[in-house]
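In: just need the structure, nothing else, for what follows:
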Amino acid sequence: MPVKIRLQRHGKKGKPYYWIVAADARSKRDGKYLEKIGAYNPNTNPATIELDVDGAVKWLQNGAQPTDTARAILSYKGAMYKKHLAGGVAKGALTEEQADEKFNAWLEEKEAKVNAKKDNVEKAKADEKAAILEAETKVNEERMAAAKEAEEAAIKAEADAKAEEAAANAEEVEEKGPETIDDAQEAANKEG
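Out: Here you go, the predicted structure:
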């Protein structure tokens with residue numbers, strides 16, 4: 001029976017979540033499988049991968065063929081490298097301890113790269129947040145300054161209108177003469 005290591009899709013529409021399975025090549029994509037050896041969630045940044053490396057290596061040594069995406073995931077988690085080292089141990093080129101030492105060194109290096117990427121992503125998010133906050137603060141300051149200018153212009157316009165009205169009333173009083181001064185004062189008192 002030809003065995004493939006492949007992805008089996010789960011999750012909801014637009015939010016895929018995959019199981020990494022060893023399955024008969026003739027079975028349906030999401031159908032019966034022989035063994036679940038991991039999970040892959042591409043919705044997170046960086047993608048979350050849980051893999052039973054020893055189980056994957058066992059299936060690879062027994063002849064299971066990974067699909068292209070599954071091969072990339074197995075390489076990323078070190079299953080392909082561990083299979084390579086196991087081949088060296090079988091041929092006598094390495095001892096089991098040397099192979100484990102090399103694999104652990106590779107894992108530490110890979111973990112450091114993943115942590116660096118996570119830190120960069122978090123830093124980029126923080127920088128983006130700071131830039132948005134700074135832009136928002138600038139817009140708010142401009143808005144406050146414009147509102148203050150508009151308020152000052154409105155107060156000045158109101159004062160100018162009152163001054164013009166007072167000047168017009170004074171001219172009117174001068175034209176009519178002393179007998180209408182009382183009438184003008186009464187009219188001003190009614191308005192004000």
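
In: using CSV, write out the CA atom coordinates for stretch 22-39.
Out: The C-alpha coordinates for stretch 22-39 follow below in CSV (Å, rounded to 0.1, in the frame of the first residue of the first chain):
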residue,chain,number,x,y,z
ALA,A,22,0.2,9.4,7.2
ALA,A,23,-2.5,8.0,4.9
ASP,A,24,-3.0,5.6,2.1
ALA,A,25,-2.4,7.5,-1.1
ARG,A,26,-5.7,6.2,-2.5
SER,A,27,-7.9,7.6,0.4
LYS,A,28,-9.7,10.9,0.2
ARG,A,29,-7.9,14.1,1.2
ASP,A,30,-10.0,14.4,4.4
GLY,A,31,-10.8,10.7,4.7
LYS,A,32,-9.3,7.8,6.5
TYR,A,33,-5.7,8.0,7.7
LEU,A,34,-3.2,5.6,9.3
GLU,A,35,-1.7,7.9,11.9
LYS,A,36,-1.9,11.6,12.9
ILE,A,37,1.7,12.9,13.3
GLY,A,38,1.1,16.6,13.8
ALA,A,39,-0.9,19.8,13.2
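
In: so what touches it?
Out: 1-6, 8-10, 17-21, 48-52, 55-56, 59, 64-65, 73, 77 (Cβ atoms under 8 Å, 6 or more residues apart in numbering). For every residue, glycine as well, the C-beta is placed using N, CA and C.

In: switch to 6 Å and redo it
Out: Residues outside stretch 22-39 that contact it (Cβ atoms under 6 Å, 6 or more residues apart in numbering) are 1-5, 8-9, 19-21, 50-52, 55-56, 59, 64.

In: swap in stretch 43-58?
Out: For stretch 43-58, contacts defined as Cβ under 6 Å, 6+ apart pick out 15, 37-41, 73-74, 77, 79, 82-83, 117, 121.

In: report the distance from it to the chain centre.
Out: From the chain centre to the centre of stretch 43-58 is a distance of 23 Å (Cα atoms, centre = their mean, to the nearest Å).
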